[in-house]
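Visitor: output the structure for:
(one chain, ligands or ions: 1)
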Amino acid sequence: MSAVNEKKVAALEAVKYIKDGMVVGLGTGSTAFFMIEAIGEMVRNGLKIKAVATSDETEKLAKKLGISVITLAEAKRLDVTIDGADEVDGQFQLIKGGGGALLREKIVAHNSDFNIIIADSSKQVSRLGKFKLPIETIPFSTQLIIKELEEMNLHPVQRMLGADDYKTDENNDIVDIDIWKTDIKLTDLEHQLKSIPGIVETGLFLTSTDLVIIGKGAQAIIEKK
Ligand SMILES: O=C[C@H](O)[C@H](O)[C@H](O)COP(=O)(O)O
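Guide: This is a model prediction of the structure:
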């Protein structure tokens, strides 16, 4: 079965966790797309929820499908968030941000009681790092951060959109780094990166995930912590 179908299988399993009255965090990306589509259908069939979107793209799609979108401030706290990932390891640690939405995704995950990650089977890895780790930086500081990351042997590459710098929803830059060869522990790496002024967030999600649902062929494999 193709990765696209596996994404849909995982998404359809995840939406079973959504109940009337919940405040739901909506992730971003091609896997989250199927989850948002399914929630749209559930809402048309009478489900009553409020949602917080993790990107402008997700907000637009959710509203188009008739899902009631509120701000994080209005929500205060979320019952459940469903989101995709670029890589997930056996300890439920993730790399996210391939689509540039890591900052709002991490904020929403932090404010959710329960976080479900949905993915096709290609995203499951024994060790994180084949996927380049996205780092969100303040444009004022990006070039100097790149120099600092080069000195740390993390091979930073600023993300581009054609000839222009790629910009996030918060109008920041993304720098993708290579963590595959570093022997720094992930928790230490996260701490080191976050201590550089101008790095707003990293795509390492080390402790937020409660449940992982992997589409494997036509089956949804549910992994609990
Ligand atoms: O910034 C994007 C998000 O972190 C996505 O959830 C992640 O990149 C996975 O996206 P996809 O489901 O399209 O592979």
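Visitor: just the element for the residue nearest to Arg44 when sequence neighbours are not counted, please.
Guide: Distance criterion Cβ to Cβ, 6 or more residues apart in numbering; nearest residue to Arg44, sequence neighbours excluded, is Gly66 at 6.3 Å. C-beta: built from backbone N, CA, C; applies to glycine. Counting by DSSP states H and E, no helix or strand carries Gly66.
Visitor: wait, what's in contact with the closest residue to Glu59 other than its chain neighbours?
Guide: In space, and not counting its chain neighbours, Glu59 is closest to Ala53: 3.7 Å by Cβ to Cβ, 6+ apart. Going by Cβ atoms under 8 Å, 6 or more residues apart in numbering, Ala53 touches 26, 59, 62, 69, 104.
Visitor: quick check, nearest of those residues to the ligand?
Guide: Arg104 (9.1 Å; Cβ to the nearest ligand atom).
Visitor: surely that closest one is within a helix?
Guide: Yes. Under DSSP: H, G, I helix; E, B strand; the rest coil, Arg104 falls within a helix.
Visitor: thought it was touching Glu201?
Guide: No. The pair Arg104 / Glu201 is not scored as a contact, 9.3 Å apart, by Cβ atoms under 8 Å.
Visitor: quick one, which of these two is more surrounded?
Guide: Using other Cβ atoms under 10 Å, the more surrounded residue of Arg104 and Glu201 is Arg104, with 25 against 21.
Visitor: and that one, what does it touch?
Guide: 28, 53-55, 169-170.
Visitor: one more time with 6 Å
Guide: Thr54 (Cβ atoms under 6 Å, 6 or more residues apart in numbering).
Visitor: still on that earlier bit, ok, the contacts of Ala53 vs Gly40, which is closest?
Guide: Ala62 (7.4 Å; Cβ to Cβ).
Visitor: element containing that closest one?
Guide: Per DSSP H and E: helix 56-64 holds Ala62.
Visitor: give the next helix or strand downstream of that helix.
Guide: Past helix 56-64, the next helix or strand by DSSP H and E is helix 72-75.
Visitor: which parts of that following helix are buried?
Guide: 72, 75 (16 or more other Cβ atoms under 10 Å).
Visitor: please state the offset of the helix or strand following it from the chain centre?
Guide: Reading on from helix 72-75 to the C-terminus, the next helix or strand found by DSSP H and E is strand 80-83. Its chain's average C-alpha position is 9 Å from that of strand 80-83, according to Cα atoms, centre = their mean, to the nearest Å.
Visitor: repeat that for stretch 27-46.
Guide: The answer for stretch 27-46 is 16 Å, by Cα atoms, centre = their mean.
Visitor: give me the buried positions along it.
Guide: In stretch 27-46, counting by 16+ other Cβ under 10 Å, buried: 27-29, 31-40, 42-43.
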